[in-house]
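Asks: All I have is the shape, not the residue letters:
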DNA sequence: AGACTTATCTACCACTCGATACAAAAGTTG
DNA sequence: CAACTTTTGTATCGAGTGGTAGATAAGTCT
């Protein structure tokens, strides 16, 4: 059987470039011209490999999730619920201001509101954001069983709170806030989290 | 001197309709066809009244800010820093899930990332979001002078924290979260705020 | 080598985008 | 009424949108 002409570009490398464009300009704001230029390929190659603009986004999101799952593995491996929260927020302060990427979070920047042909994009992004919240909640449920989270604590509420702060930090970062600003938000947010740290103030 | 033909539509009513479209679809996602249809006018009337699509957004943002300034007046009138924070977060839980408006916050939904012709839109929105943070910070500085906020507290950090949570709540609301979910986030967030409430857990 | 399969490139599709030229219409003022 | 000013609707502008047809190139297989 003949095998056909091999692909002349690396799919993952191209996806990384596409991811950056979606990240910086959002789904609607990312035109095919921008995408193909960044990826170094022509439209027919893009469509042969990813099917459509939406397919390309989903592939880029899968790759993004893959990256982030490594982060989350480290976060969830924290010894206590408190440490998980600390790791979560501080790793977000770093990643959302990593100069290697556009500022903020792809899952937020990608598009909270879209135009007429792309109504399902916000849902797609929201469902992926929800994954993080679920992982945190389940980890906190476990922490409760382990006894390192108070019986009175509400894992779902804590997970939603952290996930919400993370989204807010994404918005903040995309407005140009620097790393120290995000770290400060993380520190104050942790005062809302039950655990060993008993400083209730937001002093330095 | 002749006065000319009078305008056949009400500017503010039309702006309210435009605001809703920008709110639901973002700046890039809101096409002139959608806007003119919602406003009940034709493109030439739109351009005569607002100059450009960007001019229309700014006019809608001005009107949005006008609405919100009433909210903020109530928020800032809280008797203590703590009460200001409570009013701020709970009023956001309500307004971001008000069925009379699209979910979330126009200043977030409007566009965190935009396409090639609209690079300045995110800046415009970010600068308007920053206003709220400034108002809170100044109120907390005042609270410190008044003695109802601990000397060790950092007004800037607290204001940024609250503003960040508000953005996060906007993202959460736009994903379809209901009012109770936002109220819960507000409640947990308040545990990070110095004040009379000493329950550190997130229990109901 | 020659058959076969797949990728790539050029050129282009129909359509929508934001924005406008022009003339008719609707008022106010003398 | 007639002169003047501004708005309105129709019809359209050039540019850019996501997406594709068809020919050619580049490989693998027998």
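Replies: The structure has been received and is ready for your questions. Please read all numbers here as calculations on a predicted model, not as lab measurements.

Asks: OK, contacts around residue A:113?
Replies: A:122, B:23-26, B:29, B:109-111, B:174 (Cβ atoms under 8 Å, 6 or more residues apart in numbering or on different chains). No exception for glycine: its C-beta is placed from N, CA and C like everyone else's.

Asks: low-scoring stretches of chain A, by residue?
Replies: A:1-2, A:196-204 (pLDDT under 70).

Asks: hmm, back to that, among the contacts of residue A:113, which are within reach of DNA strand C?
Replies: Among these, proximity to DNA strand C is found for none (Cβ under 7 Å from any atom of the strand).

Asks: okay if I get these as JSON lines plus distance to residue B:183, secondary structure and neighbour count?
Replies: Below are the contacts of residue A:113 laid out as JSON lines (distance: Cβ to Cβ, whole Å; DSSP: H, G, I helix; E, B strand; the rest coil; neighbours: other Cβ atoms under 10 Å in any protein chain shown):
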{"residue": "A:122", "distance to residue B:183": "23", "secondary structure": "helix", "neighbour count": "22"}
{"residue": "B:23", "distance to residue B:183": "22", "secondary structure": "helix", "neighbour count": "23"}
{"residue": "B:24", "distance to residue B:183": "23", "secondary structure": "helix", "neighbour count": "20"}
{"residue": "B:25", "distance to residue B:183": "27", "secondary structure": "helix", "neighbour count": "25"}
{"residue": "B:26", "distance to residue B:183": "26", "secondary structure": "helix", "neighbour count": "29"}
{"residue": "B:29", "distance to residue B:183": "29", "secondary structure": "helix", "neighbour count": "30"}
{"residue": "B:109", "distance to residue B:183": "20", "secondary structure": "helix", "neighbour count": "25"}
{"residue": "B:110", "distance to residue B:183": "24", "secondary structure": "coil", "neighbour count": "30"}
{"residue": "B:111", "distance to residue B:183": "27", "secondary structure": "coil", "neighbour count": "28"}
{"residue": "B:174", "distance to residue B:183": "17", "secondary structure": "helix", "neighbour count": "23"}
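
Asks: So which of these is the closest to DNA strand C?
Replies: residue B:29 (8.2 Å; Cβ to the nearest atom of the strand).

Asks: list the contacts for the closest one?
Replies: A:28, A:111, A:113-116, A:118.

Asks: Pull out the buried members of those residues.
Replies: With burial judged by 16 or more other Cβ atoms under 10 Å in any protein chain shown, the buried subset of the contacts of residue B:29 is A:28, A:111, A:113-115, A:118.

Asks: Phi and psi next, for the residue of chain A found nearest DNA strand C.
Replies: Proximity of chain A to DNA strand C (Cβ to the nearest atom of the strand) peaks at residue A:4, 2.0 Å away. Main-chain torsions, residue A:4, degrees, to the nearest 10: phi 80, psi 160.

Asks: residues near it, how many?
Replies: Residue A:4 has 6 neighbours, counted by other Cβ atoms under 10 Å in any protein chain shown.

Asks: how near is it to chain B?
Replies: The gap separating residue A:4 from chain B is 36 Å, by Cβ to the nearest Cβ, to the nearest Å.

Asks: which element is residue A:58 on?
Replies: Using DSSP states H and E, the element containing residue A:58 is helix A:53-76.

Asks: now for the very next helix or strand once past that helix, which elements pack on it?
Replies: Note on helix A:53-76: by DSSP H and E, the next helix or strand toward the C-terminus is helix A:81-95. Here helix A:81-95 touches helix A:53-76, helix A:121-146, helix A:155-174, helix A:179-190, going by 3 or more Cβ pairs under 8 Å, 6 or more residues apart in numbering or on different chains; DSSP states H and E.

Asks: quick one: the second one near DNA strand D?
Replies: Meaning helix A:121-146. No. Using Cβ under 7 Å from any atom of the strand, helix A:121-146 stays clear of DNA strand D, coming no nearer than 11.8 Å.

Asks: Which parts of that helix count as buried, going by neighbours?
Replies: Neighbour-count burial for helix A:121-146, counted by 16+ other Cβ under 10 Å, picks out A:121-122, A:124-126, A:128-130, A:132-133, A:135-137, A:139-140, A:143-144.

Asks: what does stretch A:65-85 give?
Replies: Of the residues in stretch A:65-85, A:68, A:71-72, A:75, A:78, A:81-85 count as buried by neighbour count, 16+ other Cβ under 10 Å.

Asks: ok, back up a step: same list, the contacts of residue B:29, but as CSV with distance to residue A:162 please.
Replies: Below are the contacts of residue B:29 laid out as CSV (distance: Cβ to Cβ, whole Å):
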residue, distance to residue A:162
A:28, 29
A:111, 23
A:113, 24
A:114, 26
A:115, 31
A:116, 34
A:118, 29
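
Asks: how far off helix A:53-76 does the helix or strand containing residue A:47 point, in degrees?
Replies: Assigned by DSSP H and E, residue A:47 belongs to helix A:43-50. Orientation of helix A:43-50 against helix A:53-76 (axes from the mean of the first three to the mean of the last three Cα atoms, to 10 degrees) gives an angle of 50 degrees.

Asks: which other helices and strands contact helix A:43-50?
Replies: The elements that helix A:43-50 packs onto, with contact taken as 3+ Cβ pairs under 8 Å, 6+ apart, are helix A:32-39, helix A:53-76.

Asks: Name the nearest residue to residue A:22, ignoring sequence neighbours.
Replies: Nearest non-adjacent residue to residue A:22, counting by Cβ to Cβ, 6 or more residues apart in numbering or on different chains: residue A:30, 5.1 Å away.
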